[in-house]
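**Student:** the following comprises the amino acid sequence and a computationally predicted model.
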Amino acid sequence: MTAMLLLLIILVFSLMIASATAINGNQTKPGCELYCGNITVPYPFGMGKECSIDEWANINCSTAFSPPKPFIGNIEVIEFSQNEVRLKNLVATSCYNASGFLNGFTSSFYLSGTPYRFSSTKNKFTVLGCNITGLAISVRQTVNYSTTSVRQTVNYSSGCGTSCYGRENIIQGSCSVGSGCCQSSIPEGFNEIYIELLDTSVENHTNSLSCGAAFIAEEDKYKFKASDLNFRNFPSLTEVPMVLNFAVGNQKCEEAKQNATTYACKENSYCYDLVDDGTGYLCNCSDGYKGNPYLNQGCQDVDECENPSNNDCEKICTNTQGSYYCSCPDGLYGDGKKDGKGCTKKNKEFPILQLTL
């Protein structure tokens, strides 16, 4: 009895290890960790140069925190996906104390030499305060496809100004009119940004509205509140995420496919060119497959027949690699599809009896 129990424990333990290996194997390279603390780090990212696709994707998993936290440069990562990264904010601030002296902090993001770009479609440059202007001065990086040389162009900028004369004039929940909060778009291709605040007020700075903040925010994740103008609440603004786009190569798909050694998209996946925010391409699993397109055997077949909501079969569903087909059981005919001919019962012919008198 004891031997059988021990054998059962070993079997269960082996299945648990196999299951964990399968899960990790579909998201990371063999032998690489999938998690940094509570954050999933899927390939092409990884912790260590052997676990990431390139140096830019080598994530620093800092054990100075409990649980550990992942960082790109000095910026904390809160989410990785197959086409973008979400980071915590670095907030630029300025505040006048009761004596009228200015205390302020600028913020800057330096990601040059990497394929990261601040998303121009999901982020907004956001400024909080009364009678204050925020500027985001940036560097745009372009890559020559034929030589892979990098050229940087300065003087791209984004900015906006606020105006208000007291809390009663502040409009909650909106940055569209510039009362206490304003937002402006970020041009495509930025990967270095320096943020600063300029005071445009002519009044004495002795009240709680003499503070300002500026940051890059994912537009759908930030809703302006008057309480955000209080400098004591500025630290909470770092929790508003900003979005980085990235690419796995500095070529278009058509060119990248010519070199099988460096081409990043593996079997059962396809390549697509970046449309906004830089150069390069990304990969995605083909229809009928799911998983990680950057890993060998990373895109696995989806069994559409497991869940009836994933197929349109009326009776019989048969899974195939990357697809499925419908059919009817014996005695019925049709294409077997709910939105097609379905399955219809075959008419039975009754025999005719001939009587002779």
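**Tutor:** Noted; the coordinates are in hand.

**Student:** quick check, K338 in contact with C313.
**Tutor:** Yes: the pair K338 / C313 is scored as a contact, 7.1 Å apart, by Cβ atoms under 8 Å. Using the backbone N, CA and C atoms, a C-beta is placed for each residue, glycine as well.

**Student:** neighbour count for these two, which is higher?
**Tutor:** Set K338 next to C313 and count neighbours by other Cβ atoms under 10 Å: C313 wins out with 23 against 13.

**Student:** now do that one, the pLDDT please.
**Tutor:** Note on C313: pLDDT of 94.

**Student:** next: G25.
**Tutor:** Looking at G25, its pLDDT stands at 49.

**Student:** Y165 now?
**Tutor:** Note on Y165: pLDDT of 67.

**Student:** what do you get for F105?
**Tutor:** 77.

**Student:** over to S227?
**Tutor:** Model confidence at S227, given as pLDDT, is 86.

**Student:** and K257, by the same measure?
**Tutor:** pLDDT, K257: 94.

**Student:** OK, contacts around K124?
**Tutor:** The neighbours of K124, taking Cβ atoms under 8 Å, 6 or more residues apart in numbering as the test, are 175, 183-186, 216-217, 219, 222.

**Student:** apply 7 Å and report the result again.
**Tutor:** With contact set as Cβ atoms under 7 Å, 6 or more residues apart in numbering, K124 has these partners: 183-185, 217, 219.

**Student:** that one in helix, strand or coil?
**Tutor:** The three-state label given to K124 by DSSP: H, G, I helix; E, B strand; the rest coil is strand.

**Student:** still on that earlier bit, buried subset of the contacts of K124, written for ChimeraX?
**Tutor:** Command for ChimeraX that selects the buried part of the contacts of K124, burial taken from 16 or more other Cβ atoms under 10 Å:
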select :183,184,217
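
**Student:** got CSV for the contacts of K124, with pLDDT and secondary structure too?
**Tutor:** Listed next are the contacts of K124 as CSV, based on pLDDT from 0 to 100; DSSP: H, G, I helix; E, B strand; the rest coil:
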residue, pLDDT, secondary structure
Q183, 93, strand
S184, 92, strand
S185, 91, coil
A217, 90, strand
E219, 90, helix
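
**Student:** kindly reformat the contacts of K124 as a markdown table containing distance to L332.
**Tutor:** Shown next, in a markdown table, are those (distance: Cβ to Cβ, whole Å):
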| residue | distance to L332 |
| --- | --- |
| Q183 | 60 |
| S184 | 63 |
| S185 | 58 |
| A217 | 57 |
| E219 | 53 |
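
**Student:** could you pull out the strands for the stretch 51-200 of the chain?
**Tutor:** According to DSSP state E, counting those that start in this stretch, the stretch 51-200 of the chain carries its strands in the segments 60-62, 69-72, 75-80, 84-87, 92-96, 102-105, 107-110, 117-118, 123-128, 132-143, 150-161, 181-184, 190-199.

**Student:** low-confidence stretches in the chain?
**Tutor:** 1-25, 97-103, 139-156, 165-168, 200-210, 276-278, 348-357 (pLDDT under 70).

**Student:** how's it carved up into domains?
**Tutor:** 24-81, 86-245, 308-345 (automatic domain parsing).

**Student:** all strands for the stretch 201-350 of the chain, in order.
**Tutor:** With DSSP E, counting those that start in this stretch, the ranges of strands along the stretch 201-350 of the chain come out as 211-218, 242-245, 269-273, 281-285, 289-291, 299-301, 316-320, 323-327, 332-333, 344-345.

**Student:** tell me the angle the first one makes with strand 92-96.
**Tutor:** Compare the direction of strand 211-218 with that of strand 92-96 by axes from the mean of the first three to the mean of the last three Cα atoms, to 10 degrees and you get 160 degrees.

**Student:** helices and strands around strand 211-218, which ones?
**Tutor:** Here strand 211-218 touches strand 92-96, strand 123-128, strand 190-199, strand 242-245, going by 3 or more Cβ pairs under 7 Å, 6 or more residues apart in numbering; DSSP states H and E.

**Student:** which one of those lies nearest to I75?
**Tutor:** Nearest of those to I75, taken as Cβ to Cβ: strand 242-245 at 8.8 Å.

**Student:** how far out from the middle of the chain is the closest one?
**Tutor:** Mean-position distance between strand 242-245 and its chain equals 7 Å (Cα atoms, centre = their mean, to the nearest Å).

**Student:** likewise stretch 228-235?
**Tutor:** That offset, for stretch 228-235, works out to 27 Å (Cα atoms, centre = their mean).

**Student:** buried residues, that stretch. List them.
**Tutor:** 228-229, 231, 234.

**Student:** same question for stretch 46-66.
**Tutor:** By 16+ other Cβ under 10 Å, the buried positions in stretch 46-66 come out as 46-47, 51-53, 56-59, 61.

**Student:** partners of the residue lying closest to G129 once chain neighbours are set aside in the sheet?
**Tutor:** Of all residues not flanking G129 in the chain, G212 sits nearest, at 3.0 Å (Cβ to Cβ, 6 or more residues apart in numbering). On the basis of DSSP bridges, G212 is bridged to S94.

**Student:** and if you look at Y270?
**Tutor:** N284.

**Student:** could you do C182 as well?
**Tutor:** According to DSSP bridges, the residues that bridge with C182 are V127.

**Student:** can you redo the strands of the stretch 51-200 of the chain as CSV with distance to T28?
**Tutor:** Below are the strands of the stretch 51-200 of the chain laid out as CSV (distance: least, Cβ to Cβ, whole Å):
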stretch, distance to T28
strand 60-62, 13
strand 69-72, 14
strand 75-80, 11
strand 84-87, 16
strand 92-96, 36
strand 102-105, 37
strand 107-110, 27
strand 117-118, 24
strand 123-128, 28
strand 132-143, 28
strand 150-161, 29
strand 181-184, 37
strand 190-199, 26
